[in-house]
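Asks: Next one to model:
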Amino acid sequence: MAKLIMLIAGLSGGLSVILGAFAAHGLKKKISSEMQSVFRTGVDYQFYHTFALAMVGLSLIAQGIEQSMYLTWASVCFGVGIILFSGSLYLLALTQKKIFGPITPLGGLFFILGWVFFSLHWVF
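Replies: This next block holds a predicted model:
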């Protein structure tokens with residue numbers, strides 16, 4: 001499980017760099033500064049939670065365990081949060097279709113749940 005989580009974290013981190021560069025260079029003249037800011041927020045939160053995924057994987061490795069219910073749920077929540085939160089912001093910025101806006105808080109909820117599960121692992 002740790003290797004899979006670390007693979008996903010590595011891919012997400014690389015994608016974050018690509019999307020950040022795209023936001024900084026490729027979007028300047030294509031979308032408004034407000035939508036550029038929305039896109040960058042998606043990149044920022046993807047990066048933050050990529051590090052969170054890596055912390056989950058490293059926690060498994062450091063403890064020498066293959067799996068933990070709480071860490072498994074944390075990694076799922078962080079991954080779903082990245083897709084829903086950051087993904088919805090990317091789509092909102094690129095399409096300017098407001099339908100993607102209500103998805104963002106759902107992704108935020110998954111981020112919160114991920115942090116709760118991560119914390120529970122260390123308490124129980």
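
Asks: Could you use CA atoms for every contact and neighbour count after this?
Replies: Will do.

Asks: List the contacts of the most centrally placed residue in the chain.
Replies: Among the residues of the chain, residue 82 comes closest to the average C-alpha position under Cα atoms, centre = their mean, at 2.9 Å. By Cα atoms under 8 Å, 6 or more residues apart in numbering, residue 82 lies in contact with 45, 46, 49, 107, 111.

Asks: Show me those that map onto strands.
Replies: Counting by DSSP state E, no part of these is found in strands.

Asks: Same list (those residues) but as JSON lines, adding neighbour count, distance to residue 10 and pLDDT.
Replies: Shown next, in JSON lines, are the contacts of residue 82 (neighbours: other Cα atoms under 10 Å; distance: Cα to Cα, whole Å; pLDDT from 0 to 100):
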{"residue": "45", "neighbour count": "18", "distance to residue 10": "15", "pLDDT": "98"}
{"residue": "46", "neighbour count": "26", "distance to residue 10": "12", "pLDDT": "98"}
{"residue": "49", "neighbour count": "23", "distance to residue 10": "12", "pLDDT": "98"}
{"residue": "107", "neighbour count": "23", "distance to residue 10": "20", "pLDDT": "98"}
{"residue": "111", "neighbour count": "26", "distance to residue 10": "18", "pLDDT": "98"}
